[in-house]
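# Give the three-dimensional model of this entry:
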Amino acid sequence: MNEGCNGGWALFHGIFAENANLISEKCAPYQATTAKWSCGDFKHCKPIAKVNKSYYVGGYNFKPTVEMIQKEIMMKGPIVTEFRTNDVF
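Sure, this is the predicted structure:
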């Protein structure tokens, strides 16, 4: 659901986490690809967390400051982010 190829879209990670239970990496280890996997492959995994609400820090298409991100982490916990690089990266 999160367009997993090449990391997916951060927006969809939040939506997915709101609509599904999160499972441990022990049960579903990171594979660096989603090409041969589907959600059904992990239905035996025990849920460990659920996200109640996801949102943009500062709103859509807004560039939050370092201080805004730090405050968000301190007050509400982990965040999902993405960044864009040039081809040299």
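
# okay, CA-based contacts and neighbour counts for the rest of this
Fine.

# Would you mind naming the helix or strand containing the residue nearest to residue 53 when sequence neighbours are not counted?
What sits nearest to residue 53 in space, not counting adjacent residues and going by C-alpha to C-alpha, 6 or more residues apart in numbering, is residue 18, at 6.3 Å. Element membership for residue 18, per DSSP states H and E: helix 10-19.

# And that helix, what's buried?
10-11, 13-17 (16 or more other C-alpha atoms under 10 Å).

# ok but residue 29 is inside a strand, no?
No - Residue 29: not assigned to a strand; according to DSSP: H, G, I helix; E, B strand; the rest coil it is coil.

# Distance of it relative to residue 71?
Between residue 29 and residue 71 the computed distance is 30 Å (C-alpha to C-alpha, to the nearest Å).

# Those two: which is more packed in?
residue 71 (12 against 9; other C-alpha atoms under 10 Å).

# and the helix or strand hosting the more buried one, how far from the chain's centre?
Using DSSP H and E, residue 71 sits in helix 66-76. Centroid separation between helix 66-76 and its chain, computed with C-alpha atoms, centre = their mean, to the nearest Å, is 17 Å.

# Can you get me a residue count around residue 50?
Per other C-alpha under 10 Å, the neighbour tally for residue 50 reads 14.

# Return the residues in contact with the nearest residue to it once chain neighbours are set aside.
In this structure, residue 50 finds its nearest non-sequential neighbour in residue 21, 5.0 Å apart by C-alpha to C-alpha, 6+ apart. Listed by C-alpha atoms under 8 Å, 6 or more residues apart in numbering, the contact set of residue 21 reads 47-51.

# Cool, thanks, signing off.
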